[in-house]
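Trainee: here is a sequence with its predicted model. Questions after.
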Amino acid sequence: MVNALGQQQAAVEPIARRRGLLRWVLPVLGWLLLAAGAAGIGLHYNSRVWEPAVLAASFASYLMVGALVAVVVLGLARRWVSAAVAVLVSAAALWSHAPMLWPDGSAPPGTDLVMMQSNLFLGHGSAEAVVQAVRERSVEVLTLE
């Protein structure tokens, strides 16, 4: 009987170890995702003209998705207070992007403008091809990278 009990205990041990692992992995992952979402909001509203911050701000929308995923992950971990914080951060992220998703139509009417952007691949692109495309399409504003 001791042998059977020992075998049963050995079978339960890996399951308990996995549950223990998930007990701390999910909250840590949730908080990392939540931090990414909060960083995205901070970068979205950042007004400093500092090149690394400006470059990072281009990923702000993607970082904010972390807050939405954090709600799910922290909910699965049954960390209700943390999940509530993630809901608040997610609401702030959605609030910051709502004007882009649902325009209110308050922009004044304007004229149509033909724009073109071209990447000249560090000087290896064809300037003649760009000039020809500008002339063919009656481009009014050209930006080059």
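Mentor: On my side now, so go ahead.
Trainee: phi and psi next, for the residue most central in space within the chain.
Mentor: Ranked by distance to the mean C-alpha position of the chain (C-alpha atoms, centre = their mean), the top residue is residue 62 at 1.7 Å. Per-residue torsions, residue 62: phi -70, psi -40 (degrees, to the nearest 10).
Trainee: now for it: which residues touch it?
Mentor: Neighbour list for residue 62: residue 40 [criterion: C-beta atoms under 8 Å, 6 or more residues apart in numbering]. The C-beta positions use only the backbone N, C-alpha and C, and glycine is treated the same way.
Trainee: what bridges to residue 142?
Mentor: residue 116 (DSSP bridges).
Trainee: hmm, it is touching residue 116, no?
Mentor: Yes. Counting by C-beta atoms under 8 Å, residue 116 is a contact partner of residue 142 at 5.2 Å.
Trainee: now for the two: what residues contact both?
Mentor: residue 134.
Trainee: so where do the helices sit in this protein?
Mentor: Per DSSP state H, the chain carries helices over the ranges 2-44, 51-57, 60-76, 80-101, 127-137.
Trainee: let me have the ones you listed in CSV, adding mean pLDDT and distance to residue 108 as columns.
Mentor: Formatted as CSV, the helices of the chain follow (pLDDT from 0 to 100; distance: least, C-beta to C-beta, whole Å):
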stretch, mean pLDDT, distance to residue 108
helix 2-44, 72, 25
helix 51-57, 79, 27
helix 60-76, 90, 26
helix 80-101, 88, 16
helix 127-137, 90, 26
